[in-house]
Each structure stands twice: as structure tokens, then as C-alpha cells.
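> sequence-free structure coming up:
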């Protein structure tokens with residue numbers, strides 16, 4: 001059972017993780033490692049040079065204690081900290097999570113007919129390529145744009161609205177792969193295949209949360225910064 005109620009700087013970081021275990025991924029994406037003892041969230045953030053307000057906003061948004069992003073909230077968010085979080089999430093998905101699932105998937109389908117294994121493997125690889133394309137665009141276009149914007153060098157041919165309009169969902173193909181394995185996989189059941197399915201479910205949820213952060217926190221925060229720049 002997850003804890004309800006807003007987390008504050010004075011709460012222990014260990015309580016946050018134990019009460020909402022998915023937050024261990026959130027914590028790591030801010031560059032915070034385990035081993036913080038009894039320190040509070042604020043203490044751990046300061047020790048790791050992470051903006052505590054932004055960290056807590058992400059946490060409370062994902063636990064659904066914050067549901068409305070106001071101009072006042074955007075005013076206090078650190079864009080640098082949000083970009084760090086999103087960049088590290090991209091590294092996690094592209095360099096660890098998806099390759100890890102692929103290895104397990106290949107093991108799980110090794111005994112099924114060659115043509116079926118080919119279709120499943122190809123389906124997963126197409127999905128991974130789609131995720132890579134999606135995240136590489138953000139790394140090469142969106143994040144540099146935000147960095148330059150903060151340096152007082154806006155791009156007259158680009159703004160965050162362009163990104164929001166083309167920000168497609170990337171979870172659908174993963175959902176399709178789950179359904180293929182559940183409904184049509186011809187092999188006998190195994191712990192390994194069930195483990196792959198569990199990974200696919202949790203990855204789908206993680207990607208959905210990642211997209212929500214981009215759409216509901218990051219884009220509004222950048223839009224707020226753009227408007228502030230125009231008033232100067």
C-alpha cells in the first residue's frame with residue numbers, strides 16, 4: 001500500500017523509497033545513490049546538488065498528490081534538474097532496460113518455431129528503434145533548445161510548442177507485444193516468459209510515467225520560461 005499525502009523535505013528519503021518503491025527509479029534518475037541512512041529528503045538532495053523543490057514536485061506528481069501544474073509551481077521548478085532527470089531516464093531505457101528485456105526475451109522464445117521467434121524478435125526491435133528515435137530527438141533538439149533558452153539565446157524557428165505537437169506516445173507497440181505473447185505464444189509456459197511479461201508491464205507503466213512528466217511538468221515549465229523571456 002502506497003502512502004498518501006504530500007512528501008516534504010523533512011521526510012526521510014528511506015521512508016519515501018519504502019513506502020513507494022517505484023521512487024527508487026526516480027531517485028536514481030536525479031543522480032542520487034542509495035546509502036543515505038536516516039537523512040531527510042532535503043538533506044539528501046542538497047548533498048547531491050539536486051534541487052529539492054523539483055525533486056519533490058516530480059515525486060508528488062507521480063504519486064498523484066499534485067495534479068494541477070500552476071504558474072507558481074512552474075516558477076520554482078529547475079529546468080536543469082528536470083532535464084537531468086529526463087536525460088538519465090533516457091539512458092536507463094536505452095542502455096539498460098530495453099537491452100535487458102531483449103536478452104531475456106530471446107532466451108524465453110528460444111524453443112519456439114524459428115519463424116515465430118523471428119516475428120517476436122523483430123517486433124521488439126522495431127519498438128526499441130522507435131523509442132530510440134523518440135528519445136534521441138529530445139536529446140539532440142529539445143534539451144539543447146532549453147539550455148540555449150536559459151542562456152538567453154532563444155531559437156526564433158523553434159519553441160516548446162513544436163515539441164508538444166509532435167510528442168507521440170511510445171507505449172502502444174509495447175502493449176501490442178504483450179498481447180502477442182499472452183494470446184499467441186505457442187510455447188509452454190515458463191518462469192522466464194512470465195518474467196519477461198512482468199518486465200514489459202512494468203516498463204510500459206514506467207514509460208507512461210515518463211511521458212506524463214514530459215507532458216505535464218517539463219513542457220509547461222519550459223513554456224512558462226518562454227513567456228517570461230518574452231516579457232523582458
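Ah, there it is. Because the structure is a prediction, the values reported are computed rather than measured.
> what's the following helix or strand after the helix or strand of the chain with the lowest mean pLDDT?
Scoring the helices and strands of the chain by mean pLDDT, DSSP states H and E places helix 172-184 at the bottom, with a mean of 82. Per DSSP states H and E, the first helix or strand lying C-terminal to helix 172-184 is helix 191-213.
> report the mean confidence score over that next one.
For helix 191-213, the mean pLDDT works out to 91.
> before we move on, what about stretch 18-35?
Mean pLDDT, computed over stretch 18-35, is 95.
> residues making contact with that stretch?
2-3, 13, 16-17, 44-45, 48, 50, 55, 58-59, 62-63, 81, 84-86, 88-89, 92, 206, 209 (CB atoms under 8 Å, 6 or more residues apart in numbering). Bear in mind the C-beta positions are built from the backbone N, C-alpha and C, glycine included.
> now, of the residues you listed, which are buried?
The neighbour-count test (16 or more other CB atoms under 10 Å) marks 13, 16-17, 44-45, 50, 55, 58-59, 62-63, 81, 84-86, 89, 92, 206, 209 as buried among the contacts of stretch 18-35.
> would you agree residue 139 is in contact with residue 88?
No: using CB atoms under 8 Å, residue 139 is not in contact with residue 88, being 11.5 Å away.
> below-threshold pLDDT in this structure: ranges please.
Where the chain drops to pLDDT under 70, the residues are 1-4, 169, 186-189, 232.
> rerun at 90
1-5, 64-69, 108-117, 119-120, 123, 152-158, 162-194, 227-232 (pLDDT under 90).
> show me where it has strands.
In the chain, no segments count as strands under DSSP state E.
> show me where this protein has helices.
Remark: helices assigned in the chain by DSSP state H are 13-19, 23-29, 41-47, 52-62, 71-76, 79-91, 98-108, 114-137, 143-150, 160-165, 172-184, 191-213, 219-231.
> now do the contacts for residue 145.
The contact partners of residue 145, by CB under 8 Å, 6+ apart, come to 155, 158, 160.
> neighbour-wise, which of these leads?
residue 160 (21 neighbours; other CB atoms under 10 Å).
> check the gap between the residue nearest to it when sequence neighbours are not counted and residue 73 for me.
Once flanking residues are discounted, residue 160 sits nearest to residue 222: 4.2 Å by CB to CB, 6 or more residues apart in numbering. Distance, residue 222 to residue 73, using CB to CB, to the nearest Å: 13 Å.
> more neighbours: those two, which one.
residue 222 (25 against 17).
> isn't that one up against residue 146?
Yes: look at residue 222 against residue 146 with CB under 8 Å: they come within range, at 5.8 Å.
> shared neighbours, the two?
Contacts common to residue 222 and residue 146, judged by CB under 8 Å, 6+ apart, are 79, 160.
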